[in-house]
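Visitor: fold the following.
(chains A and B, ligands or ions: 2)
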Amino acid sequence: MSDSATGAWNRWPRLRPARVAAVHDRDAALPALPAPMLAYGNGRSYGDVCQLEGGSLLLARGLDRFIAFDRATGVLRCEAGVLLDEVLRLAVPAGWFLPVTPGTRYATVGGALANDVHGKNHPRAGTLGRHVRAFGLCRSDGGHLTCTPQQHAELFAATIGGLGLTGLVTWIELQLAAVASPWLAVETLRFGELAEFFALAEASLASHEHAVAWIDCLAPRGRRGRGVFSRANATCGLADGPAPPRRRLSVPFTPPFPLLGGPGLRTFNRLYWHLPRRRHRIVHYRPFFYPLDGIGHWNRLYGPRGFLQHQCVLPPSVAPAAIAALLDAIADSGTGSFLAVLKTFGAPASPGLLSFPRPGTTLALDFPFRGQATLALLARLDDLVAEAGGAVYPAKDARMRGDHFRRFFPAWEAFSRHIDPAFSSSFWRRVMADLAD
Amino acid sequence: MQKILIIGANSAIATACARQWAARGAALYLIGRDPGRLAALADDLRVRGAGAVDTGTLDVDELAGHEAALAAARQALGGIDVALLAHGTLPDAAACDRDAALAMAHFATNGGSTIALMHRLAGLLEAQGDGTLAVISSVAGDRGRASNAIYGAAKAAVSAYASALRQRLGRSGVDVLTVKPGFVDTPMTAAFAKGALWARPEAVAAGIVRAVERRRAVVYLPWFWRPVMMVIKALPEFVFRRLKF
Ligand SMILES: Cc1cc2nc3c(=O)[nH]c(=O)nc-3n(C[C@H](O)[C@H](O)[C@H](O)COP(=O)(O)OP(=O)(O)OC[C@H]3O[C@@H](n4cnc5c(N)ncnc54)[C@H](O)[C@@H]3O)c2cc1C
Ligand SMILES: NC(=O)c1ccc[n+]([C@@H]2O[C@H](COP(=O)([O-])OP(=O)(O)OC[C@H]3O[C@@H](n4cnc5c(N)ncnc54)[C@H](OP(=O)(O)O)[C@@H]3O)[C@@H](O)[C@H]2O)c1
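Guide: Ligands and ions are numbered 1, 2, ... in the order given. As a prediction, this is how the structure comes out:
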């Protein structure tokens, strides 16, 4: 097995497991491999939550069976390695959709649960974990358990957003959301400054189910914070709409240097901002929710050294000032971010002890990995997030400091009691390393 | 509703075929040796739209169990439109070179048991007067190689027998399909490093489903293995014996 088969999406750092074992049978015991071990879904995390250097990785994609689907109630039970894409292919024709979806449909259901993922509809739907009715957990010390909000309630809360550390999730039962068609009515608006973004976000809460914004973080100082806001609602009763684009583009190999980032980026951002676009469009769910999935292996565009993501959430009262401070820090560093995305997190509480979403505004950024300079910038961003009382998303992290992690996730100590003694991850070792001595 | 029997249904390639047939509403009868995994697959296929799914347990090495297993399948399905044989093992060639008993056991699983099942199914379909018998052989059966001698020899026997059945049954309206996959990324080949020549089981399965539908005789999957194997088969013996692959 080549190591790229068990890496993370951003390709940095590359941490090799000593052993890998494919899991195919949801009723079987854990493979008899030396501890520590960790489940690996489809490697769509950025960083080391899905990696375990020198340990045993359990490849969970082989758990790919549906178990039951009630087309009347939208309750779906499936194995943990089923891809979100496979759920959609089954559910959409039957009038159901994922209640919450991340920006890629190539995550597994188990991986999505372990990061308690969020989507563009957080203010209404909360995280995916809120729609999980039950799951099966296989532990090295307790065998197979069925966890629900009532049964093994503590393990239920620890496993949702539990970064794979509480054992192998074998199956999940989800409540899907009803949809009348695969199309959405999307409205796209340009905004000139951050304050306008916040106004639009606030105004859209009542009128729109989904909202997201892209910001141009390379804009000249006076224009900083300009961007494009899009918001959408499912269409109902639409019998026909545009077909999803067929996936044609793919990046066939890794170019020797990053193609994203560098001088072209400023021009791209400027053009993207000025691009004339229709304000109202009917769009298929795939390009709306999964724009990046349309280009196979887009992560290769960052070259052999890979890239880093930084995603944080900032509390509502300080979000406008804190985001401006983050954008200033990025501009001062001279590094641009290709993707800079803002979303709103609303009131629905996240069910997991280590869930990342909490009320406020979340900003996600991508940076080509350029060694120390990139690490220094991201450390600076962490400091700003910590000062503002926010948090950084572990699913997209490869380097935050342990003390920051513990400050962002104060339930870590309560959580750590539920870790399976045979499980660990490179992420967990890293954020706990400074406690060891 | 198409009535489909699959032997070795827990195989990755067979599972992928079953899912494509299930999505079209077929009725399926699954035979394998692990009842728990068969039951899990049956649920999956029902969710995906199969008209009906039943299962039966059989270790194909036990030839005495074949007749009853096939009768139960025919009974449950009410006739057989397609029978797919997909079980197989890929033995460690060096171990087989040292141990004759081990070699013969694998020859039996891949060769003898498969031919025995084909023999009985040919009779069933011939009596029925229609249907397709599809068997997964391998490009490995096209020419014997040192790196998988026993496996290749067994697959060669299967391919030869399929060709013979095709001649025999041609007049009775029964189709016989020989499937020759190249390298496929499945549990059988988990230990191999994968390169550009490797295919995914879903892609191979799509090729099998299509070939059954189009009543093809022999398919190589993916297609490029046909010219590749033509060249390999044409190599003179004095060249071939020196090759290391
Ligand atoms: C283009 C893109 C857009 C994204 N957008 C969003 C977004 O909008 N919102 C968001 O929240 N996330 C987003 N993500 C992140 C992604 O949704 C998560 O990282 C997701 O968890 C990846 O799932 P995976 O199956 O690939 O899991 P992996 O990355 O392989 O693993 C993730 C974690 O899940 C654990 N795990 C996997 N399977 C199991 C199992 N069976 N049992 C127990 N633990 C398991 C692993 O141990 C690891 O801790 C995005 C990622 C990409 C590439
Ligand atoms: N993978 C390749 O590269 C490749 C290439 C060419 C041809 N093929 C052929 O394709 C077919 C499917 O293989 P695959 O790649 O999908 O591999 P696989 O997933 O390992 O499937 C092989 C199946 O055969 C079953 N089996 C083995 N011995 C058996 C026995 N004695 N009785 C009953 N069932 C038995 C196994 O049952 P259990 O699940 O119970 O173990 C397993 O389900 C095989 O005929 C193989 O030779 C494969």
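Visitor: what pLDDT does the model give residue A:263?
Guide: Looking at residue A:263, its pLDDT stands at 65.
Visitor: show me which residues of chain B sit near ligand 2.
Guide: Chain B comes close to ligand 2 at residues B:8, B:10-13, B:32-34, B:59-61, B:86-89, B:109, B:136, B:138, B:181, B:183-184, B:186-189, as judged by Cβ under 6 Å from any ligand atom. (Each C-beta comes from the backbone N, C-alpha and C, glycine too.)
Visitor: out of the residues you listed, list just those in strands.
Guide: Judged by DSSP state E, strands contain the following of those: B:32, B:136, B:181.
Visitor: got the residues you listed as TSV, with neighbour count, distance to residue A:326 and pLDDT columns?
Guide: Output for those, formatted as TSV (neighbours: other Cβ atoms under 10 Å in any protein chain shown; distance: Cβ to Cβ, whole Å; pLDDT from 0 to 100):
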residue	neighbour count	distance to residue A:326	pLDDT
B:32	24	56	98
B:136	27	56	98
B:181	24	52	98
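Visitor: with respect to ligand 1, which of these is nearest?
Guide: Closest approach between those and ligand 1, by Cβ to the nearest ligand atom: residue B:32, at 23.9 Å.
Visitor: and the ones in strands among the residues of chain B next to ligand 2, which is closest to chain A?
Guide: Using Cβ to the nearest Cβ, residue B:32 comes nearest to chain A of those, at 12.4 Å.
Visitor: in the sheet, who's paired with the closest one?
Guide: Per DSSP bridges, the residues bridged to residue B:32 are residue B:57.
Visitor: wait, isn't it in contact with residue B:58?
Guide: Yes: with contacts counted by Cβ atoms under 8 Å, residue B:32 reaches residue B:58, the gap being 7.5 Å.
Visitor: which non-adjacent residue is nearest residue A:268?
Guide: Closest residue in space to residue A:268, ignoring its immediate chain neighbours: residue A:338 at 7.9 Å, by Cβ to Cβ, 6 or more residues apart in numbering or on different chains.
Visitor: show me the contacts for the one you found.
Guide: Contacts for residue A:338 (Cβ atoms under 8 Å, 6 or more residues apart in numbering or on different chains) come out as A:260-261, A:265, A:268, A:366.
Visitor: where does the chain have low pLDDT?
Guide: Unless you meant another one, I'm taking chain A. For chain A, the stretches with pLDDT under 70 are A:1-4, A:247-248, A:261-263, A:437.
Visitor: show me what from it comes close to chain B.
Guide: Chain A has residues A:1-2, A:5, A:22, A:24-27, A:62, A:65-69, A:78, A:90 near chain B, with proximity defined as Cβ under 8 Å from any Cβ of the partner chain.
Visitor: recalculate using a threshold of 6 Å.
Guide: Applying Cβ under 6 Å from any Cβ of the partner chain, we find that chain A lies next to chain B at A:25, A:27, A:65-67, A:69.
Visitor: which of these are buried?
Guide: If you count burial by 16 or more other Cβ atoms under 10 Å in any protein chain shown, the buried members of the residues of chain A next to chain B come out as A:25, A:65-67, A:69.
Visitor: output the residues you listed as a markdown table; include the columns distance to residue A:306 and secondary structure.
Guide: A markdown table is the format used below for those (distance: Cβ to Cβ, whole Å; DSSP: H, G, I helix; E, B strand; the rest coil):
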| residue | distance to residue A:306 | secondary structure |
| --- | --- | --- |
| A:25 | 34 | coil |
| A:65 | 33 | coil |
| A:66 | 34 | strand |
| A:67 | 36 | strand |
| A:69 | 38 | strand |
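Visitor: out of the residues you listed, which is nearest to residue A:129?
Guide: Looking at those and their distance to residue A:129, the nearest is residue A:67, at 19.2 Å (Cβ to Cβ).
Visitor: from residue A:351, how far off is that closest one?
Guide: Distance, residue A:67 to residue A:351, by Cβ to Cβ, to the nearest Å: 22 Å.
Visitor: equivalent analysis for residue A:358, please.
Guide: 12 Å.
Visitor: which of the ones in strands among the residues of chain B next to ligand 2 come close to ligand 1?
Guide: Applying Cβ under 6 Å from any ligand atom, the subset of these adjacent to ligand 1 is empty.
Visitor: any chance of those residues in CSV, plus distance to residue A:187?
Guide: Below are those laid out as CSV (distance: Cβ to Cβ, whole Å):
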residue, distance to residue A:187
B:32, 52
B:136, 52
B:181, 49
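Visitor: center of chain B - which residue?
Guide: Central residue of chain B (Cα atoms, centre = their mean): residue B:136, 2.5 Å from the mean position.
Visitor: hmm, back to that, any quick PyMOL command for the buried ones out of the residues of chain B next to ligand 2?
Guide: Entered in PyMOL, the line below selects the buried ones among the residues of chain B next to ligand 2, by 16+ other Cβ under 10 Å:
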select buried, chain B and resi 8+10+11+12+13+32+33+60+86+87+88+109+136+138+181+183+184+186
